[in-house]
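Asker: Prediction below, plus the sequence it came from.
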Amino acid sequence: MELPLIKPGKRVLAAGWTGSGKSTWASWILKRSPLSWVILNPKHTAAYNELPDSAVVKGLDISKVEKALHKYRFIIINPNSRESNPDDLDDFVMRLHESFMNVGLCCDELYSLHKGGVAGAGLIGWLTRGRELKQSFLGLTQRPAWLSQFLFSESDFICGMSLLLEKDRKRMFEMTDRREFISKVPERYWLWYSTRNDELQYFAPVPLDK
């Protein structure tokens, strides 16, 4: 079975509870992508520090991101506590969208870019106008029930991992119309759904050494 790949301009939404292997999976699939990536990491998740050819930028500083992209393939953005709010994070995404082409954006917790369940203008811009700029996207969440429908409708692929709450699994089912998302997925296993082709694949834990 062919393993998934995030190609330029493609959008992926991945949902999984803490401990499901979501961040480890994200690091694996980012390494398989042909693009450079900016990783917005408001929770300061340590898994991304293991990415090769990577640099950490403290704070939401576009100039530092630009300099780092000349040297490194993966730029991990760790906002400080004052910046970790929906307005500042979404404004940063908008500035990234307006500044770079042929780059991917990974958001480690998508509901941090929502206010009252509504996606911010920066995230909307990246997911819509960003296609022409070959701006890829990988968005991760623990709580898909809290996300706007817009994120699902703009995704080319939806990845489902272990979700403990029935409300979250139901949301995944409602957005895909695939009953496989209703059942609990074992930890480290994952479902990969193509929204364009209405095709679903089931994967055992990824071969992280590849």
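Answerer: Yes, it's here.
Asker: Which stretches in this protein count as strands?
Answerer: Using DSSP state E, the strands of the chain run over 11-15, 36-40, 54-58, 74-78, 103-107, 114-115, 118-119, 136-141, 157-160, 190-194, 199-203.
Asker: of all those, which lies closest to R169?
Answerer: With CB to CB as the criterion, R169 lies closest to strand 157-160 of those, at 8.1 Å. Using the backbone N, CA and C atoms, a C-beta is placed for each residue, glycine as well.
Asker: With just CA atoms, put stretch 115-127 into PDB.
Answerer: This file holds the C-alpha atoms of stretch 115-127, laid out as PDB (Å, rounded to 0.1, in the frame of the first residue of the first chain):
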ATOM      1  CA  LYS A 115     -12.500  32.500  17.900                       C
ATOM      2  CA  GLY A 116     -15.900  31.200  18.900                       C
ATOM      3  CA  GLY A 117     -15.600  28.300  16.500                       C
ATOM      4  CA  VAL A 118     -14.800  30.500  13.500                       C
ATOM      5  CA  ALA A 119     -11.400  30.300  11.700                       C
ATOM      6  CA  GLY A 120      -9.400  33.500  11.500                       C
ATOM      7  CA  ALA A 121      -8.700  35.500   8.300                       C
ATOM      8  CA  GLY A 122      -5.100  34.400   8.100                       C
ATOM      9  CA  LEU A 123      -6.000  30.800   8.200                       C
ATOM     10  CA  ILE A 124      -8.800  31.300   5.700                       C
ATOM     11  CA  GLY A 125      -6.400  33.100   3.400                       C
ATOM     12  CA  TRP A 126      -3.800  30.300   3.600                       C
ATOM     13  CA  LEU A 127      -6.400  27.600   2.800                       C
END
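Asker: any idea how far that stretch is from the chain center?
Answerer: Centre-to-centre, stretch 115-127 and its host chain are 14 Å apart (CA atoms, centre = their mean, to the nearest Å).
Asker: Any chance of the strands of the chain in a markdown table with distance to R179 and mean pLDDT as columns?
Answerer: A markdown table is the format used below for the strands of the chain (distance: least, CB to CB, whole Å; pLDDT from 0 to 100):
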| stretch | distance to R179 | mean pLDDT |
| --- | --- | --- |
| strand 11-15 | 16 | 98 |
| strand 36-40 | 32 | 98 |
| strand 54-58 | 38 | 97 |
| strand 74-78 | 36 | 98 |
| strand 103-107 | 28 | 98 |
| strand 114-115 | 27 | 92 |
| strand 118-119 | 27 | 94 |
| strand 136-141 | 21 | 98 |
| strand 157-160 | 12 | 98 |
| strand 190-194 | 11 | 97 |
| strand 199-203 | 10 | 95 |
